[in-house]
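J.: Give me a model of this one.
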Amino acid sequence: MSEPKSVRAFIVGRMPFGNTSLIVKCLSLEGGRLTFMAKGAVRPKSPFTGLLDLFYLADFHYQPARTGELHTLREVKLIEPHLGLRRSYANLLAAQYFAALIETVTEPATPVPAEFDLFGKALGYLCENDASLRVVDRFEQRLLTLAGVARAGHDLPAAFHALHHKVPELRNDLRKLLHAAPAQQ
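T.: Residues are numbered from 1 along each chain as shown. Below is the predicted model:
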């Protein structure tokens, strides 16, 4: 059996597994995209209670899987909850879209330090400021540059089509919401 490992990561997705467990998707500096099984996480007295919410930055202590990509989560220490994201639906949707984009252009268990830093800066910005089309466009261009497919005059859908990737559906919802936002104020 391999030795337990620790990483600092952002939680970018979570879903129920059975009656009491969660599958938690994370983006880490050292390990790239990782997936953890948090056994018993939704039980009332679980040590994970309140620690596994979207976009939290935490230190994860886990047992690597013998085969496959589903590691067993042992311990979590919360670093930053990014509570500022929760002041606006548009900010939460933007953070979710950014996470979906990074998941689309990265491979599991491959270190992605530049993408990790970009995502961290985007979350920090969205905690302090409102989401806007300019912020979304800027994130998309920086991510395309990191992926090595940015070209003048090409937007994200054209670049993704060239890579044979599917643009996350959240993009249309977010852009519609942000187009309508100035009219509401």
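
J.: May I have the strands that pair with the longest strand along the chain, each with its orientation?
T.: Longest among the strand segments of the chain by residue count, using DSSP state E, is strand 5-17. Sheet pairing of strand 5-17 (DSSP bridges) gives strand 21-28 (antiparallel), strand 57-63 (antiparallel).

J.: Give me whichever of the ones you listed is most buried.
T.: strand 21-28 (a mean of 22; mean count of other C-beta atoms under 10 Å). In short, each C-beta sits where N, CA and C put it, glycine included.

J.: need the strands paired with strand 5-17 in TSV with mean pLDDT, can you?
T.: Formatted as TSV, those follow (pLDDT from 0 to 100):
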stretch	mean pLDDT
strand 21-28	97
strand 57-63	97
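
J.: Those: which one's closest to residue 142?
T.: strand 21-28 (15.3 Å; C-beta to C-beta).

J.: export the strands paired with strand 5-17 to a markdown table and tack on distance to residue 77?
T.: Converted to a markdown table, the strands paired with strand 5-17 look like this (distance: least, C-beta to C-beta, whole Å):
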| stretch | distance to residue 77 |
| --- | --- |
| strand 21-28 | 13 |
| strand 57-63 | 4 |
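
J.: Between the ones you listed, which one is closest to residue 113.
T.: So among the strands paired with strand 5-17, strand 21-28 is nearest, using C-beta to C-beta, at 9.7 Å.

J.: Could I get the CA-only coordinates of the following helix or strand past the closest one as CSV?
T.: Next in sequence after strand 21-28, counting helices and strands by DSSP states H and E, comes strand 32-38. What follows is strand 32-38, C-alpha atoms only, in CSV (Å, rounded to 0.1, in the frame of the first residue of the first chain):
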residue,chain,number,x,y,z
GLY,A,32,-3.7,18.6,-11.0
ARG,A,33,-7.3,17.4,-11.1
LEU,A,34,-7.9,14.8,-8.4
THR,A,35,-11.0,13.0,-7.4
PHE,A,36,-11.7,11.9,-3.8
MET,A,37,-14.2,9.6,-2.1
ALA,A,38,-15.2,11.2,1.2
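
J.: got a list of what residue 167 touches?
T.: Residues in contact with residue 167 (C-beta atoms under 8 Å, 6 or more residues apart in numbering) are 156-157, 160.

J.: Just the CA coordinates for the lowest-mean-pLDDT helix or strand in the chain, please, in PDB.
T.: Ranked by mean pLDDT, DSSP states H and E, the helix or strand of the chain with the weakest confidence is helix 156-163, at a mean of 75. Extracted in PDB, the C-alpha atoms of helix 156-163 (Å, rounded to 0.1, in the frame of the first residue of the first chain):
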ATOM      1  CA  LEU A 156     -13.200  30.300 -27.100                       C
ATOM      2  CA  PRO A 157     -15.800  28.400 -29.100                       C
ATOM      3  CA  ALA A 158     -13.700  28.600 -32.300                       C
ATOM      4  CA  ALA A 159     -10.600  27.400 -30.300                       C
ATOM      5  CA  PHE A 160     -12.500  24.600 -28.600                       C
ATOM      6  CA  HIS A 161     -13.900  23.500 -32.000                       C
ATOM      7  CA  ALA A 162     -10.300  23.300 -33.300                       C
ATOM      8  CA  LEU A 163      -9.300  21.100 -30.300                       C
END
